[in-house]
Each structure stands twice: as C-alpha cells, then as structure tokens.
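> Test case, fold it:
(2 chains)
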Number of protein chains: 2
Amino acid sequence: MKKLINSVETVLHEQLLGLVEAHSMLKLHQDPTFVTRRGAPVIGKVAVMSGGGSGHEPMHCGYIGEGMLAGACPGEIFTSPTPDQMFECGQAIDGGQGVLMLIKNYTGDILNFETSAELLHAGGTAVATLVIDDDVAVKDSLYTTGRRGVANTVLLEKLLGAAAARGDSLDACQALGEHINNQGHSIGIALGACTVPAAGKPSFTLAENEMEFGVGIHGEPGIERRPFSSLDETVDSMFATLIDHGNYQRTLRHWDRQAEDWRETRQSKKALAKGDRVVALVNNLGSTPLSELYGVWHRLAQCCNDFGLHVERRLIGSYCTSLDMQGISITLLKVDDGILELWDAPVNTPALRWGC
Amino acid sequence: MKKLINSVETVLHEQLLGLVEAHSMLKLHQDPTFVTRRGAPVIGKVAVMSGGGSGHEPMHCGYIGEGMLAGACPGEIFTSPTPDQMFECGQAIDGGQGVLMLIKNYTGDILNFETSAELLHAGGTAVATLVIDDDVAVKDSLYTTGRRGVANTVLLEKLLGAAAARGDSLDACQALGEHINNQGHSIGIALGACTVPAAGKPSFTLAENEMEFGVGIHGEPGIERRPFSSLDETVDSMFATLIDHGNYQRTLRHWDRQAEDWRETRQSKKALAKGDRVVALVNNLGSTPLSELYGVWHRLAQCCNDFGLHVERRLIGSYCTSLDMQGISITLLKVDDGILELWDAPVNTPALRWGC
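Residues are numbered from 1 along each chain as shown, chains lettered A, B, ... in the order given. The predicted structure follows:
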C-alpha cells in the first residue's frame, strides 16, 4: 500500500488540519473532533449537521458553509463518529432554532446519532433526525437494516441547507427532508476496490473482466459480480435498476419531538415515472477520470431522454467518494419547482459553490 | 484494463459529447474537433485559446467560459491536436483583437501550434503565442526540448483569461503571460502509473515501495525513482526541488508579430525567494483521494511558512490530471497585487468558478 500519508494513526487529524488551513470558512474543533462553519451558530436559523465515517471526501466536511451544512462530525475512516462528537457539534451550531441531523442509514451511525440526539434533547437543544436510504442495490446488508445511504446525501445536504438558510423551521426542514429522501434513488458500480489505510490492502478483489454491480460506498457487496462489457451496457443496467427498484416500503426510526422519544413509522419510496423532472448526479467513487464521467453522462442523458425523464440540473464529479475506489454511482432525484428553487439558492462551501 | 468506455475509437468523441451536453456554456465543433464558449467570438476582446492531448481533464475544455478560455482543441489522448483544429478554433473565437495561444512545451504541440499560427496569420488573424514550461524536474526529455509544461497552465489560463476579459491588448496579454510563466514552478510525483486506453496497460511499473520523483503528466520519467517513505518527506523533497531548481535560462520561440516570423529569445526563470507571495496549487494527477491532497496541503503550508513564502491563494483538487495516475503535483506561482486582482476576477467555467 502506497498512500500520501504519514501514518495510520495521524492520517485523519493531519488531513482535517489541512482542510481547515485551506478553507478559512471552516473551523476545526478538537476533543472531540468536529468541524463547523466559522461564525457558527447562525442565530435564528435551523442548523443542519451531518457526519459519518471518513473516506468519502469531500462529503461531509467539504459541504460546510453558507447555504449548506452548519457542521459535520468525521469519524475514523469508514467508522461512525462517536456520540460525544455529534453532541458537542450540535451544541456548537444550534442557533436557537434546533439541529437537523442527516444520518446515512448504517447501523453504527444510527446508534450513535440516536444517543447524541437524546443527549442534545436532554440538554435543551431541539433535535430532528433524517435517515437517508437512497441505495436501491441492496435491502439489508452487513452494515445496514434497510437501504444504505449514499450519494443522495449530498443533494439533501444542499437542499436542506438552503431551506434552513431561508428560515424554514425545524419541523418544516425535517418534513421536506423526508419528502426529498423518498424521491431519491442511487446505485453504484466498482471496477476496482479501495484500500483503507488501516487494512493496508484492497477491500476486495475483482477479476480482470469483473465489476461489482450495486457496490456500497465502503466497498460492500452489491447485487452481484458480473462481467464488465462496456460503458453503455453498464449505464443502461444501472438506469434500469434505478427505475425498477425505486418503489419500496421503509420503516423509519426518527426522534418524535412531541413524544420526546424514538418512533417508527412506515413510509413509501416512490419509483421514478415517465414525465418526472430530476436532478442527476454522476459521482466518482474515487479514481475514475473525469473524462469517463462525461462518457457516463452522455449515455445517462440518452437513457433519461428515452425513458421520458426531464433532467433539470446535473452534477458530474467527485462528491461522495470511497477513497480510491474505481467506479461511479448515479443518483436520480425527483424534483419540482420548489426543490429547484432550493437547488439554485446560493451555496458557498469548499466543494460546492455557486451564486455567491 | 477496465475503463468506463465503449471503445478506444469512440472514447474521446463520446466524452466530448457528454461534456457539452452537461455544460450548456460550451459548444462542440466537429470536422475538425474543437470546443468554444457558446456565443464566441466576444467582439473587442482578445481570445485566449489552448489545446493539447486529452487525458488531463478538466484541462483544457473544462476551463472554457467567462473569464478564462475562449476555446480549446483536444487531441487524442496524450497526442497533440492537429494544426487544422487550432486554425479553425482560432478563426471561430477571434473577436477582432487577436488570439493568444497557450502552448504547453512539448515538441508535437509546438510544431502544430506553429503551423496553425502561420495559417491564422496568413488568413488575417492576429496571433500571439505563449510557451509554458513550468516543470522544474527535467530539462530536455523524450517529449520536450527544455522544461515541460504542466499545471501552471491552469493558472495561466485563469489569469490571462481575466486579462483578456478586462480588455487588455494582445501584446499586453502575451507580455503578462511571459512574466507569469517565468514566475511559475511545478513538480510532480507518482506512486502509480496511468493506463492509456489505446495501450491497455499501465505506462510504467513501480515496485511496492517506489515512487517516480519528478514525473511528467504523461507518465514520463522524472528525476529518479526513489523509495516512498512518508507524506512529509515527499512534500519536503518536492518543496526543496521547487526552490533549488527554479532558476534557469530558457530559449523561447515565439511568433514575432512585427517581423511576421518566428523568433528565438532568451529569458530567465527566477527562483522563489524568502518573502515572495505565491499562489499554490496542490493538484491531483488522477486517483489520489481528496483527503490525501489536504494532507499534502497541511505539510506544504508548513514548508512555505518555514521558508518565508506568503501563500495568498490556494487551489486543492483535480485540475491538470494524467488519466488515473496515482500521484500529485505542486505548483508555486509568484504573484503581486496586479496578478491577484486577475486571480480574484470572476470566472465561470465547468471546472473553475467563482465570483459569477
């Protein structure tokens, strides 16, 4: 394993120092570790926060800033942050209107966010939670009950950050988040594995002609290993899977602010249909050249057009990565005028910036 | 070789189609192939153009737009574009104030740009040329007489695009370009090679503990192969090389507009010195995770501080790549208030955007 690091023990800390040294809009807090907007809290606005294992950069810390996240908690690589990180972060960013926690659906994250939400609530901070589960590839897996949370997280962070910035209430932000989560669908493929520094070797091995279809953002297995044929066949299969598997029931565990307790509700994810308007994200999982992403986009645009989806906005690049994994994911999020207004709102973060 | 492409024959065309389908500000011209700003030419302004072999995305086509390039000519992967591409592009973007050609210093590019400049001149278009040679690693090599042109190209495209946008004349843009080129220094390292689709295998092989120190953006050999030890030692060595090898004489071949011929002049590149103000670029050559770039930045900022360089602006990301090469380059460009004013001017391109 050759990586531009000094040691497994120091890698995360040194990278976070570099991040905040490069971007003066960010502030690194230590013991416990979390990152906030400089100038947080913003009084009178809901604070949107996220977090999770590191290794998905620029997610999440690269999305802290005006019009997006107020703070984020990076765990060790592919490891959930601890409840004290989220608790301290939540306290630091609460501007009096409460904290919305965006949680990717992994067992460890859910547990630790739940604990921190209870701690924040006990300390007098209003908390709402949103569990993100956009990966259509697998239902229940090694790391997850239900669907995994992947790249739609980036779109939710943008949209809910914009809602918070315009002054939406905590309840309104949470309800909007549930709506958007139910409209978002993702799938990934890998042609090669990533290498976690602490492991020192690739997390899986593929034969020269194989790809992992439906891979997770930690290298988790997907739907199947299948032969890699061509760009077009791969994108066609991903698109078909996104359309076919978009409909499902989900059981949602969230903090009920009135009952002051955790509740489970059942919700429906709705598949995409002809005539829908979408935001599309072609996401680099790590070491895929940008030029290949544009090849993917060329085919995906054809697929959307042939099916009858109207692509209103698109993002093509490295947004939710898996270290140096060779592969991509595609996210399609159904939108309407209201969501597009939030999409177009100014955002000024290290990794996403427009209109500012 | 697994790549997200359909075939070696169609890869470039499909990727260019995807690029312009994704970014409505761009227009793809065919037979011959080049890309321009939609709405080009901009009447009354110098048109800055560039070009070169593909495989360095987002360079160059990703830098076409407001405040940067008017057009660019992508060759096949790692292969110079042909004179007819540059000729047609120059004609399409000339807004009456002439065309400034930014040429990375490779023998093939120089030859083909020279021919196209003569053709444009014969057709009545005012042309000026700028040869970029910022790579301190090697002097003369397999592909080049003199120093190679690498990531400082991105900074020159930004700065000269801004100068053209504010109305600087062709002569002024060229003179400024020479000045900036003489102040810019780059060096790259590779931990792993890239794979050119047409070759089908990695362009070189490194042992498990080796790195190529001073690698070029086509995988050309650099100063030496040496053991990879750590991030800090690597960045320290790169910084020391940038400082030590910054001073050299160059023979510059450029189009002399008064003599209507090609002339050679001798110029001096000036090394960086204590107290200098710089723009720093930490550039991903391909498959290096963003998190590692921030680790690099953390160490580089220390090096600059210890030496006495004042970092005025910084870019950290994938700007001048080499397909999926594992590695990075560092560029340090000496700046003053005038250059910083151009740096901060609005830019709106697919890959670089601020202030718009």
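> Now the residue nearest to A:M86 when sequence neighbours are not counted: phi and psi?
Leaving aside its chain neighbours, A:M86 sits nearest to A:S116 (3.5 Å; criterion: C-beta to C-beta, 6 or more residues apart in numbering or on different chains). C-beta: built from backbone N, CA, C; applies to glycine. Note on A:S116: its backbone torsions stand at phi -70, psi -30 [degrees, to the nearest 10].
> What are the structural domain limits within chain A?
Taking automatic domain parsing as the reference, chain A has its domains at A:14-184+A:248-270, A:186-243+A:273-334.
> how long is the first one end to end?
It refers to domain A:14-184+A:248-270. 42 Å (C-alpha to C-alpha, to the nearest Å).
> For A:P81, see how far away the residue nearest to A:M86 is.
9 Å (C-beta to C-beta, to the nearest Å).
> swap in A:I103?
Taking C-beta to C-beta as the measure, A:I103 falls 11 Å from A:P81.
> Are there residues contacting both of these two? Which ones?
Common neighbours of A:I103 and A:P81 (criterion: C-beta atoms under 8 Å, 6 or more residues apart in numbering or on different chains): A:52, A:109.
> Which helix or strand in chain A has the lowest average pLDDT?
One helix or strand of chain A scores below all others by mean pLDDT, DSSP states H and E: strand A:248-256, with a mean of 82.
> Now that strand: buried residues?
Neighbour counts using 16 or more other C-beta atoms under 10 Å in any protein chain shown place A:250, A:252-255 of strand A:248-256 among the buried residues.
> same thing with stretch A:3-16?
Buried, per 16+ other C-beta under 10 Å, within stretch A:3-16: A:3-6, A:8, A:11-12, A:14-16.
> ok, back up a step: residue contacts, the residue nearest to A:M86?
Per C-beta under 8 Å, 6+ apart, neighbours of A:S116: A:83-87, A:90, A:101.
> Which residue ranges of chain A form helices?
Using DSSP state H, the helices of chain A run over A:11-22, A:83-93, A:107-122, A:152-165, A:170-182, A:231-244, A:290-307, A:337-344.
> most tightly surrounded among those?
helix A:152-165 (a mean of 26; mean count of other C-beta atoms under 10 Å in any protein chain shown).
> That helix versus helix A:170-182: what angle between them?
Going by axes from the mean of the first three to the mean of the last three C-alpha atoms, to 10 degrees, helix A:152-165 is angled at 150 degrees with respect to helix A:170-182.
> List the contacts of A:K104.
So A:K104 contacts A:52, A:131-132, A:148-150, A:153 (C-beta under 8 Å, 6+ apart).
> Switch the residues you listed over to a markdown table; also include distance to chain B and pLDDT.
Shown next, in a markdown table, are these (distance: C-beta to the nearest C-beta, whole Å; pLDDT from 0 to 100):
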| residue | distance to chain B | pLDDT |
| --- | --- | --- |
| A:G52 | 14 | 98 |
| A:V131 | 25 | 95 |
| A:I132 | 21 | 96 |
| A:R148 | 20 | 94 |
| A:G149 | 20 | 95 |
| A:V150 | 17 | 97 |
| A:T153 | 16 | 98 |
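> Highest neighbour count among those residues?
The residue in those with the most neighbours, by other C-beta atoms under 10 Å in any protein chain shown, is A:V150 (32 neighbours).
> From A:K2, how far off is it?
27 Å.
> And A:G308, by the same measure?
Taking C-beta to C-beta, one finds A:G308 at 47 Å from A:K2.
> buried ones in stretch A:347-355?
Applying 16+ other C-beta under 10 Å to stretch A:347-355 flags A:347-353 as buried.
> so what's the nearest residue to A:L315 once chain neighbours are set aside bridging to?
Nearest residue to A:L315, sequence neighbours excluded (C-beta to C-beta, 6+ apart): A:L281, at 4.7 Å. When bridges are called by DSSP bridges, A:L281 pairs up with A:L315, A:T331.
> give me every residue that touches A:L281.
Contacts of A:L281 by C-beta under 8 Å, 6+ apart are A:151-152, A:154-155, A:186, A:314-316, A:319, A:329-333.
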